[in-house]
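Colleague: 3D model of this:
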Amino acid sequence: MRSKLRLAKALAEMRPDLAPQLDLNIAALEKAQPKDLDASEISVRLGSTWVDKEYTVLESIEGYSITSEQKFRMQIVHSHLEYIENSIAQLDTAIDTMIAEQEGLISLMCTIPGVDRNTAITVISEVGTDMAQFGSSKRLCCWAGLTPGNNESAGKKKSVRITRAGVYLKPALVQAAHAAVKATESSYYRLKYEQISKRRGKNRAIIAIARMILTAIFTMMSTGEVYPIDFFISDSAAECSPAFPTIDFQA
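Modeller: Predicted coordinates for the structure are as follows:
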């Protein structure tokens with residue numbers, strides 16, 4: 001409102017021929033201007049983030065009587081929230097029971113920058129622990145949808161975008177890649193990301209980092225090697241004997 005008033009006054013000074021028409025607008029804007037408040041009239045809690053939210057909620061309903069219908073709806077919402085929390089707790093307990101035999105592998109995978117416990121459990125639940133079924137890290141990355149597609153017809157390449165495979169695995173690895181490039185304990189993935197992003201862009205660089213992480217996981221599962229690993233190790237099918245006990249997630 002104040003900015004419109006200043007603009008109208010400036011235009012009236014610049015264009016005297018429009019002053020009679022602008023005077024009506026200026027007068028209307030001056031009447032509609034909000035009242036200036038003193039410092040004593042401004043509440044210190046307005047816009048503050050240090051005030052407890054619970055305190056502001058209780059203060060907002062002070063002196064207000066809640067009807068029985070509103071109380072009933074609040075009880076329904078609270079009971080639904082408790083049900084969701086209990087379901088999450090039961091699911092976490094079931095997952096911990098199923099993954100108990102793989103705690104050593106999970107701890108080993110968590111040494112990779114960007115990989116946390118949830119990411120490790122997601123990878124194990126999607127690919128298992130027997131890497132012999134994939135044969136090589138390249139096949140595993142292709143299965144996870146982290147390699148360029150091969151859409152070619154009549155000798156013309158139409159698209160080299162990554163495939164749509166790995167619906168659950170790929171998002172977890174991409175999230176781990178974002179965390180890896182920001183990790184402070186190791187600069188390997190960050191440097192690789194900066195090098196690739198300059199040539200291929202940020203999105204492709206993140207996919208490349210995700211593929212590197214999956215390649216490291218493949219080698220660690222196959223050999224039991226601790227991170228950092230040698231990325232140039234031979235990954236032939238004959239060398240992909242499981243280094244950790246397998247787990248049956250269908251049981």
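
Colleague: what ranges do the helices span in the chain?
Modeller: Taking DSSP state H as the criterion, the chain contains helices spanning 2-14, 19-31, 53-60, 68-98, 103-109, 117-127, 137-143, 169-180, 188-200, 202-223.

Colleague: State the mean pLDDT of the fourth one.
Modeller: Averaging the model's pLDDT scores along helix 68-98 yields 93.

Colleague: The second one too?
Modeller: Per-residue confidence for helix 19-31 averages out to 78 on the pLDDT scale.

Colleague: List of residues touching that helix?
Modeller: By C-beta atoms under 8 Å, 6 or more residues apart in numbering, the list of residues contacting helix 19-31 from outside reads Met1, Lys4, Leu5, Ala8, Lys9, Leu11, Ala12, Arg15. Where C-beta positions appear, they are placed from N, C-alpha and C, glycine not excepted.

Colleague: check contacts around the second one.
Modeller: Translated: Lys4. Counted by C-beta under 8 Å, 6+ apart, Lys4 has contacts Leu29.

Colleague: how does it look with 10 Å?
Modeller: Asn25, Ile26, Leu29, Ala32, Gln33 (C-beta atoms under 10 Å, 6 or more residues apart in numbering).

Colleague: hang on, isn't the fourth one packed against Leu5?
Modeller: Yes - with the criterion set as C-beta atoms under 10 Å, Ala32 and Leu5 qualify as a contacting pair; they are 8.8 Å apart.

Colleague: Which one of these two is surrounded by more residues?
Modeller: Leu5 (16 against 10; other C-beta atoms under 10 Å).
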